[in-house]
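**Q** Make a model of this:
(one chain, ligands or ions: 2)
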Amino acid sequence: MKRNLDMKCKDNFMKRFKYYKSNKPEPSLDKVVRIQYDIPIEVNNISNVIEEDSRTKLLGLRNFTDWKTYTFMKHTGLFLIANPFTSLGQRYWIRKCLEDYPRKPNKTNIDIEKQIEDWWREIHKSDELDRKMQKKLRWTTLGYHHNWDTKVYCEKNRNIFPSELAELCDVVAQYLGYTNFNAQAAIVNYYHMGSTLSAHTDHSEVNLEAPLFSFSFGQSAIFLIGGQEKSHEPSAILLNSGDILIMSKEARLCYHAVPKILQASDQPWNNHEELIQITDNGKTKYINEETIIKEVNRNIDNKEWTQFNSYVEESRINVNVRQVLMENQERLDS
Ligand SMILES: O=C(O)CCC(=O)C(=O)O
Ligand SMILES: [Fe+2]
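**A** Ligands and ions are numbered 1, 2, ... in the order given. Sure thing, here's the model as predicted:
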């Protein structure tokens, strides 16, 4: 009994999780690392001088020179790129996560209850939005589908990974000096205002050396990251729309969680000066240029954008991308 109590006391992660999850009383944000306002003492602003990549424009990103990148003193291998997306870029990615990614053959949490071919179309098929079905979507998996029971990936449970998301990860990986990153699996998480994600580590991938890329859109979140044991006191970081978090090296296998979703202080997806048409731009690795130009630019039209806007006004979307295989490995069974 006593031992049990001691063990529980050592779970500093859980203690923090409960503190930030609480609604009554609301947690203080004083100790949350918030890079939005000024540079807190816990982080270092690193400047990465790297040649521009012509693909940034196509993917809704600003030029590398405008990116603000931070490392964390207490968390080696953890990087935060503060929203490098333009407003139009955010709109494009939010729309992809809602309209395209939950579509079959991709898997969603709704599958066990009902197979829905096209979730976004389904919830909008009558004049009135199906709010119940809208709220039901909690995750979608892409590429190698994460198996939530066995935690094992397999070839039979794999679909083509979206080319635009592979291209986006390739650009961010190159920016950080990872020249061989290959996006092969993703979980898209959908959070509503009361949603949480409990403490876990992501260790199903064969390749645990490759970094993990996490993109956040819509409402904000308190993100907790600790060490490889739950006894480590975690840090709380505010993640805003457009932020990219990279878990690499020591941070790759650390416990993390989302105890709270917070109302965003602004809407970077609705900054009208940044809704500027993109044009032809040079070499790409995976995507078809014409397609992406068309798909990005149609979001300038506020009418086309309305339904997606309503969704992100009360939800957060997180896209969590991993490389599964070792370098030069083509399949799990090879
Ligand atoms: O929503 C987040 O920021 C984290 C999601 C996550 O950790 C995961 O999908 O494994
Ligand atoms: Fe995770």
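**Q** The residue of the stretch 1-150 of the chain found nearest ligand 1: what's it in contact with?
**A** Taking Cβ to the nearest ligand atom as the measure, the stretch 1-150 of the chain has W139 as its residue closest to ligand 1, at 7.7 Å. C-beta here means a position set from N, CA and C on the backbone, and glycine is covered the same way. Contact analysis of W139 by Cβ atoms under 8 Å, 6 or more residues apart in numbering lists 108-109, 187-190.
**Q** can you put those residues in CSV and add secondary structure?
**A** Converted to CSV, these look like this (DSSP: H, G, I helix; E, B strand; the rest coil):
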residue, secondary structure
T108, strand
N109, helix
I187, strand
V188, strand
N189, strand
Y190, strand
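**Q** Show me the subset of the residues you listed that also lies near ligand 1.
**A** Among the contacts of W139, the residues that sit close to ligand 1 (Cβ under 6 Å from any ligand atom) are 187, 189.
**Q** Need the buried ones from the contacts of W139 selected in PyMOL.
**A** Command for PyMOL that selects the buried part of these, burial taken from 16 or more other Cβ atoms under 10 Å:
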select buried, resi 108+187+188+189+190
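**Q** Which single one of the contacts of W139 is nearest to D66?
**A** D66 lies nearest to V188 out of the contacts of W139, by Cβ to Cβ, at 26.3 Å.
**Q** How about that closest one: what's its closest non-neighbour residue?
**A** In this structure, V188 finds its nearest non-sequential neighbour in T140, 4.4 Å apart by Cβ to Cβ, 6 or more residues apart in numbering.
**Q** In contact with Q134, which residues?
**A** Q134 touches 123, 311, counting by Cβ under 8 Å, 6+ apart.
**Q** Pull out the buried positions in the helix or strand hosting it.
**A** For Q134, the host element (DSSP states H and E) is helix 131-136. For helix 131-136, the neighbour count (16+ other Cβ under 10 Å) marks 134, 136 as buried.
**Q** I'd like the average pLDDT over that helix.
**A** Mean per-residue pLDDT for helix 131-136: 98.
**Q** for stretch 128-142, how far is the first residue from the last?
**A** The straight-line separation of the ends of stretch 128-142 (Cα to Cα, to the nearest Å) is 29 Å.
**Q** How about stretch 204-221?
**A** 24 Å.
**Q** can that stretch be found next to ligand 1?
**A** Yes. With Cβ under 6 Å from any ligand atom as the criterion, ligand 1 is reached by stretch 204-221 at 214, 216, 221.
**Q** So V258 is in contact with Y191, correct?
**A** Yes. With contact defined as Cβ atoms under 8 Å, V258 counts as touching Y191 (7.0 Å).
**Q** Now list whatever residues contact both of these two.
**A** In contact with both V258 and Y191: 197, 221, 318, using Cβ under 8 Å, 6+ apart.
**Q** Pull up the residues of the stretch 151-300 of the chain that are close to ligand 1.
**A** 187, 189, 197, 202, 214, 216, 221, 223, 256, 258.
**Q** Name all residues that make contact with Q115.
**A** K104.
**Q** From G227, how far off is it?
**A** 40 Å (Cβ to Cβ, to the nearest Å).
**Q** OK, contacts around whichever residue of the chain sits closest to ligand 1?
**A** Proximity of the chain to ligand 1 (Cβ to the nearest ligand atom) peaks at N318, 3.3 Å away. Residues counted as contacts of N318 (Cβ under 8 Å, 6+ apart) are 188-189, 191, 214-217, 221, 258.
**Q** who wins for most neighbours among these?
**A** F217 (29 neighbours; other Cβ atoms under 10 Å).
**Q** Please name the bridge partners of that residue.
**A** With DSSP bridges as the criterion, F217 is bridged to I317.
**Q** What's the local residue count around T279?
**A** Considering only other Cβ under 10 Å, T279 is surrounded by 10 other residues.
**Q** Check it and give its pLDDT.
**A** For T279, the model assigns a pLDDT of 87.
**Q** I'd say it and E290 touch.
**A** No. In this structure T279 lies outside contact range of E290 using Cβ under 8 Å: 11.1 Å.
**Q** Return the member of the shared contacts of V258 and Y191 nearest to R91.
**A** The closest of the shared contacts of V258 and Y191, once distances to R91 are taken by Cβ to Cβ, is N318, at 16.8 Å.
**Q** per-residue confidence at that closest one?
**A** 99.
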